[in-house]
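Asks: pasting the structure only:
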Ligand code: GDP
């Protein structure tokens, strides 16, 4: 029995439909609709580019976003004050450009890790007095991994110690050769502070957008992505949506994975009420029932009933399977290669010293063959950061630490997202493992995870040569059938399994910290008071 709001699986639905003489057809689930691509159903016409500003800290990303916002003639003429809604549009030569108002490659890659790519062009800000810095390199690699073209803005040219030529040279060393030097990277010198070069930068962004031939479908129900959302005390849930396809209008019914609602009103960043929002337009929307998550997709449905059904279906599906693509690891890569799921092994390489990067990268990149290529999409010296994990997640890659360890936050994120981090201190072994993994010959390696420890307080005889240890669990928990070892005076004297666990007279599956129990160990009964029973499990290193 299922009520009207519950989702049933396809097979059940098909049986019911069949009973009434209908044939059920499978449709993709809502959560799988991630990046709406024009389907050809509607008319395609050009749309504004969506831009993200990236670069090293303090090189002027926020100042540039402010300078561009202030250059918006419409805003200044109307005397309106812009509000931060997560994105804004400016008009240049009667054409629009959309800027995502959260600078930095961290936000950019975090969105990608959620399966959404909004950005068409990345503006890389490099301060002319400081030059290329570690995060500049990281930003370039993140943009390249996403296949997003880069336009360089050399900022702070007003400073007396500005040296744009040095920046150009440093960029060329990173394979980002500017047009002036025969390459294809557009580069504009600017001063965000003095508002110099801003118009030129905007015009160049339009030129790059022309080359990309960005198109959007206008005359169909809207689809897109949540950029930002919050709960407003007086207005309720407020979400900034970026339309990627179709036209969004007040009165439309929106379905988002964790909520739905009807558009009561829509505003732009100037607080102006809008009647419609077309592809690449960001709008602040009122009328949702709950605050959605940034990065979630939305789509317009025909009525509230459909929205509610999608919501229930989605909730049901999320409970069953976390919506995460299967992560890549060295232990499963050969199956994914033979299944044709991956054609490239993306590696993020972190080393203790800069000097190790070059030889490791060279050896790794030589490993691929016609079926799979090995690409080091980012390398750097220092610890493994959360950004590295996000990049691995977004690019379906793995992380290799060569004498480099993860920062605490990064370790946690990698564990929850299932990102594989391998550690090495010998180059030969690192390269050998990746080579074997590609050929499907890597033996699984195991790591031991301690689950719990108990101290023996008394020993009871239960018959001939059969003893039970009366023990108190000091840490973690003990599980029946778990692997276990007996430790006496710091040395392991026996390794097997926990045969039985009893609390009072009852058999139990597990015992938690602080409780006492009777324990039997497979093939061992020579317990002594003071021995430690340690239970553990083996996990495959991915
Ligand atoms: P972000 O960390 O990349 O967002 O950098 P900010 O925009 O916060 O700028 C960092 C500092 O550089 C601030 O003190 C700005 O005033 C300054 N700054 C930004 N752009 C320019 C510029 O074109 N010229 C000069 N002289 N200073 C700038």
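Replies: Cool, the structure landed. Quick caveat, the model's predicted, so the values are computed rather than measured.
Asks: spatially central residue in the protein, please.
Replies: residue 113 (2.2 Å; Cα atoms, centre = their mean).
Asks: quick check, that one in contact with residue 394.
Replies: Yes. At 4.3 Å, residue 113 counts as touching residue 394 under the criterion of Cβ atoms under 8 Å. All C-beta spots, glycine's among them, are computed from the backbone N, C-alpha and C.
Asks: joint contacts of these two?
Replies: Shared contacts of residue 113 and residue 394 (Cβ atoms under 8 Å, 6 or more residues apart in numbering): none.
Asks: let me see the contact set for the residue in the stretch 351-500 of the chain that the ligand sits nearest to.
Replies: The nearest approach of the stretch 351-500 of the chain to the ligand comes at residue 387, 15.3 Å away (Cβ to the nearest ligand atom). Residues counted as contacts of residue 387 (Cβ under 8 Å, 6+ apart) are 105, 106, 109, 138, 142.
Asks: restricted to helices, list the residues you listed.
Replies: 105, 106, 109, 138, 142 (DSSP state H).
Asks: now those residues in JSON lines, with neighbour count and distance to the ligand?
Replies: Formatted as JSON lines, the ones in helices among the contacts of residue 387 follow (neighbours: other Cβ atoms under 10 Å; distance: Cβ to the nearest ligand atom, whole Å):
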{"residue": "105", "neighbour count": "29", "distance to the ligand": "11"}
{"residue": "106", "neighbour count": "19", "distance to the ligand": "12"}
{"residue": "109", "neighbour count": "29", "distance to the ligand": "17"}
{"residue": "138", "neighbour count": "23", "distance to the ligand": "13"}
{"residue": "142", "neighbour count": "27", "distance to the ligand": "15"}
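Asks: how about these in JSON lines, adding pLDDT?
Replies: Converted to JSON lines, those look like this (pLDDT from 0 to 100):
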{"residue": "105", "pLDDT": "91"}
{"residue": "106", "pLDDT": "88"}
{"residue": "109", "pLDDT": "90"}
{"residue": "138", "pLDDT": "93"}
{"residue": "142", "pLDDT": "94"}
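Asks: residues near residue 49, how many?
Replies: Residues lying near residue 49 (other Cβ atoms under 10 Å) number 22.
Asks: hang on, isn't it packed against residue 121?
Replies: Yes. Judged on Cβ under 8 Å, residue 49 makes contact with residue 121 at a distance of 5.5 Å.
Asks: around the ligand, pick out the residues from the protein.
Replies: For the chain, the residues in contact with the ligand (Cβ under 6 Å from any ligand atom) are 55, 57-63, 103, 155-156, 158-159, 191-193.
Asks: tell me how far the residue nearest to residue 152 when sequence neighbours are not counted lies from the ligand.
Replies: What sits nearest to residue 152 in space, not counting adjacent residues and going by Cβ to Cβ, 6 or more residues apart in numbering, is residue 187, at 4.2 Å. As judged by Cβ to the nearest ligand atom, to the nearest Å, residue 187 and the ligand stand 15 Å apart.
Asks: so residue 187 touches residue 178, yeah?
Replies: Yes. At 4.0 Å, residue 187 counts as touching residue 178 under the criterion of Cβ under 8 Å.
Asks: pull up the pairing partners for the helix or strand encompassing residue 88, direction included.
Replies: Using DSSP states H and E, residue 88 falls within strand 87-92. According to DSSP bridges, strand 87-92 forms sheet pairs with strand 95-100 (antiparallel).
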